[in-house]
Each structure stands twice: as structure tokens, then as C-alpha cells.
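*Asks:* Sharing a model that was predicted from the sequence below.
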Amino acid sequence: MSCKRLFSLFILVFGLSGSVVSSFAQDAGNHENTPTQGANPAPEEKKGINITELVFGHVSDSHEWHLFSLKNADGTEKPVAFPLPMIIYQPGIGVKVFSSSHFEEWHKDADGKKLSNEYEGLYIEKVMKEKVLAVDGSKVYDFSVTKNVLSMLFGVVILLWVLTSAAKKYKANTAPKGMQNALEVIIIFIRDEVARPNLGHKYKRFLPLLLTIFFFIWINNLLGLLPGGANFTGNIAVTACLALVAFVVMMANSNKHFWGHLLNPPNVPFLVKCLLVLIEVMSLCIKPVALMIRLFANMLAGHIVILSVICLIFIFALLNVYVGGGFVIVSLAFSIFMFMLELLVAVIQAFIFANLTAVFIGQAIEGDHDTDHVELSEGIAH
């Protein structure tokens, strides 16, 4: 039975990697053959593959969910993509709601920036990320449902479905089985290895937050590994919001003991105290930054490595068709290895974020641990 499962997993991973390669092959063809258009077309480019544009096009956010492109009989490309709703607010004009499908034609200007056609006095500029701009240069506020936002909503739906279904079975007092049994192991692990050691007797108060953070990050990490998936947790704005939540909870639950040691370290000379206070304040500000950068950098780096290895196929193919064909096996093997490693990284990064959140909150309520130990000691003495 285990051999069958391993074989099925290999076929799944090989299929996922193959679909990604197919998508890259079509996109690479697009970069080689797509003519420039528009009022200020860029000079004719040499044939080749823009690796930066390919890689960051797959990991960056977008106003449409692009899967791949198909070539028509006349040599033009037809993108297979799902348009997403755009919600734009312009001061003095108001709110505009329309589909991103209105921005269908793209061209490059003299500076090499990729620009869309104009619609409703707006256009999209795509460099490393997409930005909605007004033709007249006025201020634009973009509240659109982008690919990352839609991926987040999918992740939230999955999170609610998984956890509420397990909660209903617990309320019914039924024996754990199936998905509920698997979740129970994870929940107990987070409780015993993350919450209790770092939060002491107050662990129950913060356990729902830690479980939500862990499952939210883990689910979205896995969704980002699917072909055509959004790199949601590889977006620094997302990780910044998660880090901000952890920081606000830490500050809201901090006590006198925490601030006393932070701003007035005991039994320390005055000059040394001034230096320590500065260091402690800096470390307090660095904590959410560390949470933000760690998750963002690890998830983005993993995606870039996989995509870069796949791009090597087309780089070698430009040098020699036979070399490129022979490198396919090496590239796919390494991509499968990296994909399996990313499955492990997905859960590790979720665990690290939840664990560091518990550590930082535990430091903010550290005085309560001391009180708990004193009460326990007094109880033993009596």
C-alpha cells in the first residue's frame, strides 16, 4: 500500500512540474515572438528569454489570474486567464468598478515598461508589479480583487471549512477519525510544543490565535505551490500584515514587568542603562520585521529557485536544441526535489511564525510566569 502511495505521489508531482514547464514554454514563446505595440513602441528586441520578467511575472500579484497562453493559427497568442474585478477610487471622480478584461492589449514604451491599453482614463503599468495609473496623472486608489486577494479568500474558505468541520465533530462527542484525527495531532502539537512552553498558564487565551496563524500560513503556502497558484505568502505586504497582528497582540498584552525591564533595567549603571534601553527599543521594533522578512524571503526564494531551474531548459535550448532537450530530465528531477522540499518548508515556516509569535507574546507577559512559579512553589511548601 505504501508503494502505491509513493508512486501516486510521484505521478502527482511529475504532473504538476510538467504543467509548470508547459506554462513556461508557452510564455517563453510569447517573449520571443510578441511584437511591441502602442504609441511609443520600444525598439525591436533580440530574440531571447527575459528570465526576470518570466519569473517575477509568475510570483508577483496581478489583476487577472493568468494560467498559460495558447498560440493561434496566425501566430498570435491567446492568454488563458480569468479576469478579476477592479475597484478604483479617484478623488473628485468617485468609485469605478469594472472587469480587468478591458485591459487586453499590452505594449512596451521606450523605457521598457510594459503598459496596457487605456480604459476609463486608466491604464496598468507592469514592471515588477502591476500598478494602476491615471492618464491625466491624478491620484488613483486601487482596491481591486487581485490574484493574491482571491487566493487569500480561497485559503480562508478552506481554513474555515477544515476547522469548523472538526469543531462540529468535537461538539457531537464522536470519536476522532479521518481529517479530524489528523488535525488533532497538529492541534495538540501546537498546544504542547508552542503555546504551553512560551505562554505558561495563559496559553489557552492565545491558542486560537496561534492555531489560526499556523493553519492560515500553511494552507496558503500549499496553495502557492499549485501550478498557476498565487504566491500569496511570498508577498511582503501579506507577511507585514501578519507580523503587525502579532505585534499588536504582543503590545496589547504586555505588562509592567515587561516595560520595566525594557525602559528601566534594574541594577545597571546609568550610562549602561541608556545604551541598553536603546538596544531594547530597537529589538522591540525589529521583532515584527524579523517575522515579516523570514516568511516573505523563504517563500519567495523557494518559488524563484524552482522557476529559475525550469528556465534553464529554455536557456540551454537557445544554445543548442539537443542540449536543451537533454537538460529537461535534469531540470525536472531537480524541480521535483525542490517541490518536495517546498512542501516541507511550507509547514516549517508556518510553525516558525506561530512559534516566534508565541515567544514574543510570552516575553510581553513574562511577569505572569514568575507569579505562576511563585504560587506553585508556595503550594508545594504548604
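*Replies:* Received the coordinates, thanks. Numbers count the residues shown, from 1 in each chain.

*Asks:* any idea where the helices of this structure begin and end?
*Replies:* Along the chain, counting by DSSP state H, helices occupy 2-33, 51-59, 147-171, 179-190, 196-199, 203-224, 236-252, 256-263, 270-319, 321-364, 366-381.

*Asks:* how big is the angle separating the third one from helix 203-224?
*Replies:* Okay, so that is helix 147-171. With axes from the mean of the first three to the mean of the last three C-alpha atoms, to 10 degrees applied, the angle from helix 147-171 to helix 203-224 works out at 130 degrees.

*Asks:* just checking, what packs against helix 147-171?
*Replies:* Judged by 3 or more C-beta pairs under 8 Å, 6 or more residues apart in numbering; DSSP states H and E, helix 147-171 is in contact with strand 64-71, helix 179-190, helix 203-224. The way it works is simple: take the backbone N, C-alpha and C, and place the C-beta from them, glycine included.

*Asks:* For the first one, name the packing helices and strands.
*Replies:* Using 3+ C-beta pairs under 8 Å, 6+ apart as the contact definition, the elements that strand 64-71 packs against are helix 2-33, strand 77-83, helix 147-171.

*Asks:* With just CA atoms, put that strand into PDB.
*Replies:* Output of strand 64-71 as PDB, limited to C-alpha atoms (Å, rounded to 0.1, in the frame of the first residue of the first chain):
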ATOM      1  CA  GLU A  64      -6.000  38.800 -13.600                       C
ATOM      2  CA  TRP A  65      -5.400  35.100 -12.900                       C
ATOM      3  CA  HIS A  66      -3.200  34.000 -15.800                       C
ATOM      4  CA  LEU A  67      -2.700  30.300 -16.300                       C
ATOM      5  CA  PHE A  68      -1.000  29.900 -19.700                       C
ATOM      6  CA  SER A  69      -1.100  31.100 -23.300                       C
ATOM      7  CA  LEU A  70      -2.200  29.300 -26.500                       C
ATOM      8  CA  LYS A  71      -0.900  30.100 -30.000                       C
END
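
*Asks:* how close does Pro208 get to Leu222?
*Replies:* Using C-beta to C-beta, to the nearest Å, Pro208 is found at 21 Å from Leu222.

*Asks:* quick one, which of those two is more surrounded?
*Replies:* Leu222 (18 against 11; other C-beta atoms under 10 Å).

*Asks:* Quick check: that one vs Arg205, distance?
*Replies:* To Arg205, Leu222 is 28 Å away according to C-beta to C-beta.

*Asks:* One more: Asn267?
*Replies:* Computed as C-beta to C-beta, the Asn267 to Arg205 distance reads 32 Å.

*Asks:* for His303, same thing?
*Replies:* Distance from His303 to Arg205, by C-beta to C-beta: 35 Å.

*Asks:* which of these two has more neighbours?
*Replies:* Just comparing His303 and Arg205: by other C-beta under 10 Å the higher neighbour count belongs to His303, 20 against 13.
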